[in-house]
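**Student:** sequence below, structure please.
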Amino acid sequence: MFYIKDKEKRAWNKKLPQEFLYLPPEKQLEIFLGWWKGDRGVTTSRILMNQLNIVAMRNGFILTFSRHRVRSAKIGKRKAKVTHDRWQARISTFNKKIEKELREHGIKEIPKGEIRYGWWDGTYFYLPIIRIEREAYDGFVYNLEVEGDSSYVTESGTLHNCFTPWTALYKEYDSLKECYGSAKIHFLELGLSADSRMADMIKAHHNLTYLSNSDAHSPHPHRLGREFNRFEIQEATFEEVKKAILKRSGRKAILNAGLDPRLGKYHLTACTRCYTRYKLEDAQRLGWRCERCGGIIKKGVHDRILELADANEKPKDRPPYLHLAPLAEIISMVIGKGVETKSVKAIWERLLREFGSEINVLVDAPIEGIAKIIGEDIAKAIWAFRNEKLIVIPGGGGKYGEIRLPKEIKKAKLEDLESIEVESKEVYYKPKQSSILSFLKEGRS
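**Tutor:** Residues are numbered from 1 along each chain as shown. Below you'll find the predicted structure:
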């Protein structure tokens with residue numbers, strides 16, 4: 001089945017013939033099944049590893065390979081002169097139909113339960129970056145040029161959410177220049193945990209176009225469209241959008257819309273186990289270990305930006321940023337029922353039938369008109385959202401933030417809302433001094 005081009009035929013340079021990568025997915029699946037049943041997901045060939053992952057993805061699942069470095073090996077009593085790292089595959093499915101099909105073919109090594117992160121839309125897989133490592137490389141780098149635009153392409157895909165301080169650009173680097181050198185950068189994708197105001201605290205961003213696209217890939221219908229961009233263009237074509245991003249021929253971005261960054265999963269520094277929020281200086285003194293549960297504390301986007309901040313003003317041509325929250329979550333908060341319940345969906349659908357879109361309900365529809373259709377309680381919550389008077393419990397450590405309706409607004413009449421003042425509250429946990437000292441004594445500072 002496997003073809004070896006080189007004269008020296010060894011397992012470490014094994015590969016599929018190139019034409020096999022263009023076979024129909026169902027035939028490629030047969031190739032995969034033969035390899036899996038024969039080698040149990042193990043190979044020493046990096047080329048074959050990537051080829052089989054392409055085969056897997058065309059069939060709706062992915063292979064995650066763990067690398068086992070071989071320091072020394074023996075054949076009988078003889079020591080091997082040359083060794084090669086071994087790659088062990090793990091199957092991950094995002095679709096119960098695909099999982100069932102693989103099990104019917106006799107593959108039992110599939111983790112039970114749903115994959116927590118990532119999803120498949122039928123064409124692309126959307127997966128988080130867990131770790132970034134530097135590795136010495138000696139070989140060719142292939143550059144793809146399309147209409148004068150040069151892009152360096154990897155085996156897998158593209159990167160966004162550059163602010164997340166433990167999975168993205170600013171985890172590894174302190175500036176765009178340090179990361180990209182002299183390469184020209186045209187735009188920046190903000191991610192859920194940052195907005196234009198936060199990004200503009202770094203002066204190197206001032207000439208860049210901001211894009212807010214992060215939750216376009218959400219599998220939850222009530223979150224679709226939560227992040228979008230508005231451009232001033234002549235027609236809806238790729239070339240026009242490209243000109244707007246590059247600020248050419250009068251085209252430009254005129255609005256970014258997205259989640260309030262405080263609702264993002266990594267906005268504040270927090271424990272990844274119990275989600276207790278910490279000020280940066282407290283997390284550092286505790287050695288990045290939670291005082292409450294012993295879990296790992298992860299640095300938030302807010303604190304990472306403050307570490308890098310070198311500007312107090314935004315560019316004059318920066319478009320406004322519209323903070324949005326899913327309408328279904330606002331309804332859920334008011335009536336006290338889950339986002340996916342029939343009660344919430346019924347109210348959501350009624351509002352959309354009346355006003356046309358979720359954005360219209362959240363931003364433009366008259367509050368009095370909303371009140372007439374579904375009552376004052378939800379209308380008051382939408383008013384509070386528009387006027388930024390909802391209580392926001394910031395997210396952190398991998399947990400989304402929460403919105404709550406202040407008691408003052410709950411009790412007030414619709415016509416009295418303008419006079420309501422909402423008091424903000426401290427959200428950080430204050431570590432005990434004795435605990436900090438004990439951590440220092442244990443050498444965990």
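
**Student:** contacts, neighbours, all on C-alpha from now
**Tutor:** Noted.

**Student:** how about the strands of the stretch 51-200 of the chain, start to end?
**Tutor:** All strands of the stretch 51-200 of the chain, identified by DSSP state E, counting those that start in this stretch, fall at 61-68, 74-75, 78-79, 86-93, 119-120, 125-126, 143-146, 149-152, 187-189.

**Student:** worst average pLDDT in those?
**Tutor:** Note on the strands of the stretch 51-200 of the chain: strand 149-152 shows the lowest mean pLDDT, a mean of 44.

**Student:** where does this protein have low pLDDT?
**Tutor:** 1-10, 71-76, 80-82, 111-118, 121, 128-135, 137, 139-168, 214-226, 423-445 (pLDDT under 70).

**Student:** which residues in the stretch 151-300 of the chain form helices?
**Tutor:** Under the criterion DSSP state H, counting those that start in this stretch, the stretch 151-300 of the chain contains helices at 169-172, 176-180, 196-199, 238-246, 280-285.

**Student:** all strands of the stretch 251-400 of the chain, in order?
**Tutor:** Applying DSSP E, counting those that start in this stretch to the stretch 251-400 of the chain gives strands spanning 252-259, 270-271, 297-298, 321-324, 391-393.

**Student:** deepest in the core, which of the ones you listed is it.
**Tutor:** Compared across those, strand 270-271 shows the largest average neighbour count, a mean of 30 (mean count of other CA atoms under 10 Å).

**Student:** report all helices and strands that that strand contacts.
**Tutor:** On a contact count with 3 or more CA pairs under 8 Å, 6 or more residues apart in numbering; DSSP states H and E, strand 270-271 meets strand 297-298.

**Student:** count the neighbours of residue 248 for me.
**Tutor:** Using other CA atoms under 10 Å, residue 248 has 11 neighbouring residues.

**Student:** any idea how far residue 229 is from it?
**Tutor:** Remark: distance between residue 248 and residue 229 (CA to CA, to the nearest Å) = 17 Å.

**Student:** ok, now residue 363?
**Tutor:** Counting by CA to CA - residue 363 and residue 229 are separated by 15 Å.

**Student:** and what of residue 324?
**Tutor:** From residue 324 to residue 229 the distance is 12 Å (CA to CA).

**Student:** just residue 27 next, same as before
**Tutor:** 41 Å.

**Student:** equivalent analysis for residue 188, please.
**Tutor:** For residue 188 relative to residue 229 (CA to CA), the value is 12 Å.

**Student:** equivalent analysis for residue 209, please.
**Tutor:** Counting by CA to CA, the gap from residue 209 to residue 229 is 11 Å.

**Student:** over to residue 207?
**Tutor:** Separation of residue 207 from residue 229 (CA to CA): 17 Å.

**Student:** likewise residue 360?
**Tutor:** As for residue 360, its distance to residue 229 is 15 Å (criterion: CA to CA).

**Student:** the two: which has the busier surroundings?
**Tutor:** Each of residue 360 and residue 229 has its neighbours counted (other CA under 10 Å); residue 229 has more, 17 against 14.

**Student:** for that one, which residues count as its bridge partners?
**Tutor:** Taking DSSP bridges, one obtains residue 256 as the residues bridged to residue 229.

**Student:** could you pull up the residues touching the residue nearest to residue 262 when sequence neighbours are not counted?
**Tutor:** Spatial nearest neighbour of residue 262, excluding adjacent residues (CA to CA, 6 or more residues apart in numbering): residue 394 at 4.6 Å. Neighbouring residues of residue 394 by CA atoms under 8 Å, 6 or more residues apart in numbering: 262-264, 267-268, 400-402, 427.

**Student:** for residue 394, give me phi and psi.
**Tutor:** Per-residue torsions, residue 394: phi -60, psi 150 (degrees, to the nearest 10).

**Student:** give the residue farthest from the middle of this protein.
**Tutor:** residue 77 (50.0 Å; CA atoms, centre = their mean).

**Student:** if I look at it, how far off is residue 34?
**Tutor:** Distance, residue 77 to residue 34, using CA to CA: 32 Å.

**Student:** residue 246 now?
**Tutor:** Counting by CA to CA, the gap from residue 246 to residue 34 is 48 Å.

**Student:** list the buried residues of stretch 393-407.
**Tutor:** Under the neighbour-count criterion of 16 or more other CA atoms under 10 Å, stretch 393-407 has 393-406 buried.

**Student:** from the residues you listed, pick the one nearest residue 293.
**Tutor:** Lowest distance from residue 293 to the buried residues of stretch 393-407 (CA to CA) belongs to residue 397, with 13.4 Å.

**Student:** mind listing what the closest one touches?
**Tutor:** Residues near residue 397 by CA under 8 Å, 6+ apart: 265-266, 268-273, 275, 297-300.

**Student:** can you rerun that using 7 Å?
**Tutor:** Going by CA atoms under 7 Å, 6 or more residues apart in numbering, residue 397 touches 265-266, 269-272, 275, 298.

**Student:** who touches both of residue 324 and residue 229?
**Tutor:** Taking CA under 7 Å, 6+ apart as the contact rule, residue 324 and residue 229 both touch residue 257.

**Student:** mind listing what's buried along stretch 322-341?
**Tutor:** Judged by neighbour count (16+ other CA under 10 Å), stretch 322-341 contains these buried residues: 322-334, 339.

**Student:** related to what we said a few turns ago, shared neighbours of residue 188 and residue 229, anything?
**Tutor:** residue 211.

**Student:** can you get me a residue count around residue 92?
**Tutor:** Residue 92 has 19 neighbouring residues, counting by other CA under 10 Å.

**Student:** residues contacting the spatially closest residue to it that is not a sequence neighbour?
**Tutor:** Ranked by CA to CA, 6+ apart and with sequence neighbours excluded, the top spatial neighbour of residue 92 is residue 62, at 5.4 Å. The neighbours of residue 62, taking CA under 7 Å, 6+ apart as the test, are 53, 56, 91-93.

**Student:** so which of those residues would you say is closest to residue 305?
**Tutor:** Distances from these to residue 305 were compared by CA to CA; the smallest belongs to residue 92, at 34.1 Å.
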